[in-house]
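Asker: Sequence plus the predicted model coming up.
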Amino acid sequence: MDQVAVMTKPTIKPGQVYSRVSLANGETAILRGPNWGDLDDLIEYINGLVEEHANITKTEKVTREAEAEWLGQRLAEIENGHMIHLVAEVAGKVVGAGEVSQLPEERSHTGYLGIGISENYRGQGLGVALMQALKELSKKAGLKILILDAFATNKVAISLYEKIGFKEVGRIPKGICRDGNYIDLVRMTTEL
């Protein structure tokens, strides 16, 4: 019988730099663990995605109090070894983030991946770098499978996920309702 996977303790500690990435626009992004000093940047980042009406499931802006609670939970999950989280910083500002949350119990060998990039930094190679880093860290942490969900209408993201090795394994027809319109939710996975 296979043993249930347990992620190792934090693979990236808060604030720890994982890598530096040269972007297509000539700027350099730093991929690192989040820390309390990122709170204001994270509020601006997520609220920017909400304002843009990006292909994320969050539709309302966050308050400072809500984002502080969210960040505190993330930092605790990182410390407990149940989450990998990276922020992408360019010129001192958070412009992207990604995380892998370990699923519970008999699915603990599996991680659920989420990623977002600010509009001005898409198409610069940052998404690829962030996805590759999350895959590497997940494998190092002992996970065996990563899963993610994508809006079927988000062809650019789906193409990126396929480039990184994810394959579509199913769909939930009308899994998202955005502005009164139904969009299929695409489930994708990759083995590490």
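Answerer: Arrived safely, thanks for sending.

Asker: element containing the nearest residue to M83 once chain neighbours are set aside, please.
Answerer: Sequence neighbours aside, E77 is the residue nearest to M83 in space, at 3.8 Å (criterion: CB to CB, 6 or more residues apart in numbering). Where C-beta positions appear, they are placed from N, C-alpha and C, glycine not excepted. Taking DSSP states H and E as the criterion, the element that holds E77 is helix 64-79.

Asker: List the buried residues of that helix.
Answerer: Neighbour-count burial for helix 64-79 flags E67, L71, R74, L75, E77, I78 (criterion: 16 or more other CB atoms under 10 Å).

Asker: same deal with stretch 86-102?
Answerer: Buried positions in stretch 86-102, judged by neighbour count with 16+ other CB under 10 Å: 86-90, 94-102.

Asker: what does stretch 130-143 give?
Answerer: With burial defined by 16+ other CB under 10 Å, the residues of stretch 130-143 counted as buried are L130, M131, Q132, A133, L134, K135, L137, S138, A141, G142, L143.

Asker: Please find the angle between the direction vectors of the helix or strand where E51 lies and helix 64-79.
Answerer: Using DSSP H and E, E51 falls within helix 39-52. What separates the directions of helix 39-52 and helix 64-79 is an angle of 110 degrees, with axes from the mean of the first three to the mean of the last three CA atoms, to 10 degrees.

Asker: Give me the contacts around stretch 137-154.
Answerer: With CB atoms under 8 Å, 6 or more residues apart in numbering as the contact definition, stretch 137-154 has outside contacts at 5-8, 11-12, 18, 55, 81, 84, 86, 100, 102, 109-115, 134-135, 157-158, 161, 166, 171, 175-176, 178, 183-192.

Asker: Thanks again, I'm all set now.
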